[in-house]
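Visitor: What follows is a protein structure lacking sequence information:
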């Protein structure tokens, strides 16, 4: 559908090419469950978690190391005066399990490599991701993406200004550029506001801070069910 207009495709990485947020979701679930068992309500713990998450992201940015600060803050806030050996051990297990995931080979969604090989025949392919530079580059490398894309961008924040900087620096025409991702806030809406094309691939575990309503841009926005569907529209 977009084949005649597009010269290049930019891909989000986390939760578009591979699963990522599930590790954060699991750690959040585990810490809330641990604290809840000590007699606190899930609603109150969740509210406190969201506050801590916003604070840490605003102050320190994204990345797994900063997420651990959230887990530690919650644990000490609720359990510092009622610590037990068992609770301490369970907390350390939660942190250790979460710490291990960035060094594992990312679990690619079905058909990602085959789809990229197909798209490379017609388009320049790029990755645009956000977070800690070393951590994100490590995931891109472990996932085997360096041989499948022309280049990558790792941003501290994905917003309109960063997208515009890429377009200006590369001298790319927005109407010849398509962004693919799972996040309305970070992937789709910034691209649409800059008059790029966008392809939205929803993911059930998209990070809650990346959710917002999609802009109504029917002529420039396509929603797909899965990554392999890109072969049908590009």
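Guide: Good, I have the coordinates. Since the structure is predicted, the reported quantities are computational estimates derived from the model, not experimental observations.
Visitor: what about the lengthiest strand in the chain, distance to the chain center?
Guide: Assignment by DSSP state E gives strand 124-130 as the longest strand of the chain. Relative to the chain's own centre, strand 124-130 is displaced by 12 Å; criterion: Cα atoms, centre = their mean, to the nearest Å.
Visitor: can you tell me which residues contact residue 140?
Guide: Applying Cβ atoms under 8 Å, 6 or more residues apart in numbering, we find residue 140 in contact with 13, 127, 129, 146, 152. Any C-beta I mention is one placed from the backbone N, CA and C, and that applies to glycine too.
Visitor: I'd like the average pLDDT over the helix or strand hosting residue 115.
Guide: Using DSSP states H and E, residue 115 maps to helix 112-120. Across helix 112-120, pLDDT averages out at 97.
Visitor: If you count neighbours, what's buried in it?
Guide: Neighbour-count burial for helix 112-120 flags 112, 115, 116, 119 (criterion: 16 or more other Cβ atoms under 10 Å).
Visitor: quick one: residue 234 and residue 178 touch, right?
Guide: Yes: here residue 234 reaches residue 178: they are 7.2 Å apart, a contact under Cβ atoms under 8 Å.
Visitor: From the contact counts, what lies against the helix holding residue 115?
Guide: Using 3 or more Cβ pairs under 8 Å, 6 or more residues apart in numbering; DSSP states H and E, the elements in contact with helix 112-120 are helix 230-233.
Visitor: Against which helices or strands is the helix it packs on packed?
Guide: So helix 230-233, by 3+ Cβ pairs under 8 Å, 6+ apart, packs with helix 112-120.
Visitor: circling back to that earlier point, which of residue 234 and residue 178 has more neighbours?
Guide: residue 178 (25 against 20; other Cβ atoms under 10 Å).
Visitor: centre of the chain versus the helix or strand harbouring that one, how much separation?
Guide: Element membership for residue 178, per DSSP H and E: strand 177-181. When distances are taken as Cα atoms, centre = their mean, strand 177-181 is centred 14 Å away from the chain's centroid.
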